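> Here is the input, now give the coordinates:
(chains A and B)
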Amino acid sequence: MRFPFGLTALALLLVGTGPAIAAPPLELSVVRILNRSQRSNWVAPWNALGTSTSTGSGFIIDGGLIMTNAHVVSDARLLYVFLHNDPNPHQLRVKVIGHDCDLALVEPVEEGLLDDYPALEFGPLPAHRSTVETYGFPAGGERISSTRGVVSRIEMQAYAHSGIDAHLTVQTDAAINPGNSGGPVVQDGKVVGVAFQGTSQLENTGYFIPTEVVDHFLRDAADGRYDGYPELGVITSNMENPAARRRAGMNEGLSGVRVDAVFPGGSADGHLRPGDVLLAVDGHSVANDGSTLIDDFRGDFGAVVDRHQIGEQLQVRLLRDGQVLETAVTMRSLPRLRLLANSYDRRPRYFVYGGLVFMPLDRELLSTYGQNLPLKTDLLYELYQRPLVEPGLDKREPVVLLRRLDHAVNANMAWHRDQVVEKVNGRKIRDLEDLIDAVESNRGRFHVFEFTYHHRFGVLDREQADAANEEILHLYGIPEDRHL
Amino acid sequence: MNGRSVFSLVALLLLSPLIAGHAEAATSDYASRVVTVEVTYQSWNEDRPWMKNEPAARSASAVPLDGHRLLTTAQTVADATLIQVTKHGSSSKIPARVLHIDLDADLALLTVEDESFFDDLTPVELAASIPTEGDLSSVRWRRRQLEVSSSRVTRLQVQEVYYGNLSHVFLFLRTDLAGGGWAEPIFDGTQLVGLSTSQSDQVMRAIPATVIRQYLEAVAAPGPYPGLPTLWLVWQTNRDPALAAFLGLEGPPRGVVVRAVPWGSCAFGVLRERDILLEVDGHSIDPDGYYQHPDYGRLAFTNIAIDGHRTGDRIPLVVLRDGKEIELQLTLHSYPARMQLIPWQRKNQAPPFLIAGGLLFRELDGPYLRSWGKNWERKAPTNLVALWKRDRHGQLPERRRVVLLTAVIPDAINVGYHDLRDLAVARVNGRAVDSINALAEALAHPVGGFQVIEFEPNMNRAEVVLDADGFETATARILGEYNIPLGGRQDPPFAMPYGEAQR
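Got it, this is the predicted structure:
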């Protein structure tokens, strides 16, 4: 760790002049981040929403970088950092962002800005009941705030930022509040985690991302690009019932979980089959409830899978037809799963034709329905159930006719809201590009839109729709008919 | 006679010159034409189907008919444990029983053992047609006094019967009656024009006399009750000239587009998906699905099936299919719950359920879905609502009834499965299962010493495996431990509350 002279002198001076203790060097490395962000509008996808402002924390690490949470710097239009005791904001840019683990690396636009500040080092996973301190800039004031607590629990937990990922998480009773996000959690002078979320259901609980997850992120990001966590791509169920174990041929001493489904294209595709029992991953025996012993704590076997990067191999031991098999699974990502995650730093994909607004169905689109979402049974079924019911379904993304911009060419269509598109002009729709191509390559008199649910369909007169396109875009203030 | 009744009488007399053409009646004429029905009812607990819910009471009206009968709505006597009737000038409540009930038509006939009960009652006469405007009287007993309320016809509209598989024209009235909708008769003079079936604020919805007459004729018909005919089609408007032209209909759009023909409905095998239905029984259908009724103006075409028709009638259809107009013949019949794969109604019987090894199975039906309350479509599990919606928009013949694992009653035998809820069963011991009886049969044939229950694809669990050895002992132990008295209700074959689906 470099230690700037000027500050040392100041600290000495302070020691010399009064009872106050020198500012601990740790605080010098903790920063406040201001994010002027903007999100897109998933109902009128050609429009952006207004800007909003949020603040979070971060800390300086090696390489002139600042580590923070992905959610602190998501959807940023302009980012500023406030360094220790420096009243001037300095502009930041995002270097790497990992939405699935809620971590990001940002760097000042101004070169050498952090040269005079110490970079923090990372420590190990803190022990249960050991004391940790947090540093950050929570709501309620401008100055740095520090809290202290013990490690209450170490477990796989859901990460709220993406909404679908779960990774190793440490729970503490040190107060972690809005604005603390991205700040370091420290033990023995070393960073043992990044504060990131709380829960309204429990009192005195804050959560931080442990070093293991931070390491995974840093290794992935070392090439300047973040690829994300790989997914095993299976649904498993517990084997707690002794009859189920006997039927699967599990002798005394064998434990594991049943593979109920294997996602096509996932890492396990071709290696695991429904009905297999997953006995061990990387030599860690999987218990009947899906847990495994990692070092000295018991957690979900997913924590072992989580240690891998895309392209690495996971050693799997499984029981199939009474035989124990060993196989090495090359870890891959599962792009379709990301449809189910919250989405950041991107504009929605859409296509407007004849006043019909088509968009891929994903979690962002679903979230626009708010309280009415439970009534959108077809959309929920399409996104969550259908891939299970039809494992061979060849669809990169479901496409929906979201709504209609009223015009004489479309005003009489019977179905024009929230319809999943199955076929256009006889062609199966696997993604938005398919739909655009099916529309644009059609030379027939009609465009025929067949919807997936309830035998619904709709027709546009092709020449009339072609002729009306520009007028509709102009009328409804839509700058481009598509964003892909 | 108290002041309020006098006022009603005066009001009626004052109004009478203004409603020329409508017969006049004195309040006293109504006293012998309406009785009060008090019902103690108890519904089944859909979550714990071996139990009934707390009993409750409701009060409604009925009108006397010839043959010592009383006419009321089906919902009045639904789930009844005791029915008592009271008539004018009497304080005694007389037990009554249901002679006939049609949940689809929402009508029921009651009778009283002691025939002398009817001596001073006047059987009502049904009006020959429904007035489309003017003032009528809705009548009921309230605290021993006759309450006659002015009710003005606002419109006639074709709607579906609540919870019933029937659609017909309803009479909508603006009424002075407070809290009606419980079978209050609507009179034009002394002729019965309708029977109220619901009321929201001051708007009353009534089953018209024409439908009541058809119900009574159907009850009187020899042989098993045929029910009232309905088309029960799944269709969409044909307002879109592009869509009409695509289906081969050039020129201004006419008719409606058939989207699906549910298995079990009378058009099944006659109409096809993407037919344009141009004419029904000689009436041309407009692109919004209306036809011109000779007396009532424009009504939704689904009314044609019941208007003047009975089950077994053959009616002509004109259809545009593959660009050509063709004529078809349709034999009308009803579409009762037993024809439905997810039966929407269940007569006053327990749901078909089975407890085996602590697993609670039942058939998926309307009462179960509605047990999530008024907003059940929002609150019930999405997988169940999706099944319901799928069948609602045209059930297919290859589908079957759905058996659910609704819950697990915890015991050592079913450890690992305790939190499972509302999963659709696909197979049991390798056998497809589409009823509780089929489930019981499959459980009687364990495979390799195991009971294997496989579910339709879901995120929670693909299968449940239990030991066949000791399975029945465990079931008995669980029933005892959790105080679940079944009587003989777990001995197959089980009663089929909806009746066997005909194939």
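> Quick check, pLDDT for the residue of the stretch 151-300 of chain A found nearest chain B.
The nearest approach of the stretch 151-300 of chain A to chain B comes at A:E240, 3.2 Å away (Cβ to the nearest Cβ). (C-beta placed from N, C-alpha, C; glycine too.) Confidence at A:E240, expressed as pLDDT, is 96.
> What sits closest to it if chain neighbours are left out?
Spatial nearest neighbour of A:E240, excluding adjacent residues (Cβ to Cβ, 6 or more residues apart in numbering or on different chains): B:G416 at 3.2 Å.
> can you tell me which residues contact the residue of chain B most remote from its centre?
Within chain B, the residue lying farthest from the chain centre (Cα atoms, centre = their mean) is B:G448, at 44.7 Å. By Cβ atoms under 8 Å, 6 or more residues apart in numbering or on different chains, the residues touching B:G448 are A:R247.
> and it, what are its phi and psi?
phi 60, psi 30 (degrees, to the nearest 10).
> Just the pLDDT for it.
So, for B:G448, pLDDT stands at 95.
> before we move on, what about B:R390?
If you check B:R390, the pLDDT there is 90.
> does it count as helix, strand or coil?
helix (DSSP: H, G, I helix; E, B strand; the rest coil).
> mind checking how far it is from chain A?
Distance, B:R390 to chain A, by Cβ to the nearest Cβ, to the nearest Å: 8 Å.
> What is the burial count for that residue?
19 (other Cβ atoms under 10 Å in any protein chain shown).
> give me every residue that touches it.
Counting by Cβ under 8 Å, 6+ apart, B:R390 has contacts A:453-454.
> before we move on, back to that, my read: the residue of the stretch 151-300 of chain A closest to chain B touches A:N288, true?
Yes: shown here, A:E240 and A:N288 form a contact pair, counting by Cβ atoms under 8 Å, at 5.0 Å.
> Which one of the two is surrounded by more residues?
Neighbours per residue, other Cβ under 10 Å: of A:E240 and A:N288, the larger number sits with A:N288, 21 against 18.
> Hmm, A:R258 and the more buried one touching each other?
No: look at A:N288 against A:R258 with Cβ under 8 Å: they stay out of range, at 9.7 Å.
> Need the residues touching each of those two.
Joint contacts of A:N288 and A:R258 (Cβ under 8 Å, 6+ apart) are A:238-239.
> Not counting stretch B:391-400 itself, show me its contacts.
A:453-455, B:234, B:259-264, B:268, B:340-342, B:432, B:434, B:503.
> what's the span of that stretch from first residue to last?
10 Å (Cα to Cα, to the nearest Å).
> do the same with stretch B:400-420
By Cα to Cα, the extent of stretch B:400-420 from end to end equals 22 Å.
> Which of the residues in it are classified as buried?
B:401-409, B:411, B:413-417, B:420 (16 or more other Cβ atoms under 10 Å in any protein chain shown).
> from the middle of its chain, how far away would it be?
Distance, stretch centre to chain centre, for stretch B:400-420: 30 Å (Cα atoms, centre = their mean, to the nearest Å).
> now do stretch A:95-105
9 Å.
> sorry, back to before: OK, contacts around the residue of the stretch 151-300 of chain A closest to chain B?
A:288-289, B:415-416.
> can you list the domain ranges for the chain.
By default, I'm working from chain A. What automatic domain parsing lists as the domains of chain A is A:25-108, A:131-221, A:234-331, A:348-483.
> Let me rephrase: I mean chain B.
Split into domains by automatic domain parsing, chain B comes to B:35-118, B:125-220, B:234-331, B:341-489.
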